[in-house]
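# I'd like to go over a predicted model; first the sequence, then the structure.
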Amino acid sequence: MSSIAARARAAAMPVECKKDALQQKQDGTWKLVLTIAPGGLPDGLMKATPGVRYQCAFVEIGDNEEPVGLNLNRQSWTQLSRAQQAGILCNDDDFREWFGCAVYQSVEEHVRAYCGVDSRADLDNTKGSMDAWDSIVTDWRAASFNGGAD
């Protein structure tokens, strides 16, 4: 199974550019003018016909080539409790689809049943539930990095 996010990552064309101009048109749309260094324009973008739509993500980079505004105080995944991890993943549409919940069961109920707990807070309390959750996360990451394949 392939998630939309995995397909988007596979199709992405990274481009480094500089903002030159921004203009709002009368109809409310915006025109953004970017400058791309020589040799920095991917062939797919160069050959695309006018009107082709793109999903874009912009990350400002500093002179040190690092993202600007990177929150270095943010906790890493492994610093989060298992209950916090479950709260995050249970709100992720791709995870919900991958975990394959029964029609009559919410993803939260499915996680609790799989891990043998009554509350996701209990994911941090017993070895069996911790191991079950860690197994889910390991399998989910493997599936996500492999384009959603099982």
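Perfect, thanks for sending it.
# break the protein down into its structural domains.
1-72, 77-142 (automatic domain parsing).
# hey, least reliable of the ones you listed by pLDDT?
Out of those, the stretch the model trusts least by mean pLDDT is domain 1-72, with a mean of 84.
# all the strands of this protein, residue numbers only.
For the chain, the strands defined by DSSP state E cover 17-24, 30-36.
# residues contacting the top helix by length along the chain, please?
Ranked by residue count and defined by DSSP state H, the top helix of the chain is helix 127-145. Residues outside helix 127-145 that contact it (CB atoms under 8 Å, 6 or more residues apart in numbering) are 1, 3, 5-6, 82, 85-86, 89, 94-95, 98-99, 111, 114-117, 122-124, 149-150. Where C-beta positions appear, they are placed from N, C-alpha and C, glycine not excepted.
# which members of these occur in helices, if any?
Using DSSP H, those in helices are 5-6, 82, 85-86, 89, 94-95, 98-99, 111, 114-115.
# contact partners for the residue of the chain positioned farthest from its centre?
Farthest-out residue of the chain from its mean C-alpha position, per CA atoms, centre = their mean: Q26, at 34.2 Å. Applying CB under 8 Å, 6+ apart to Q26 gives no contacts.
# now it. Its backbone dihedrals?
Backbone dihedrals for Q26, given as degrees, to the nearest 10, come out at phi -60, psi -30.
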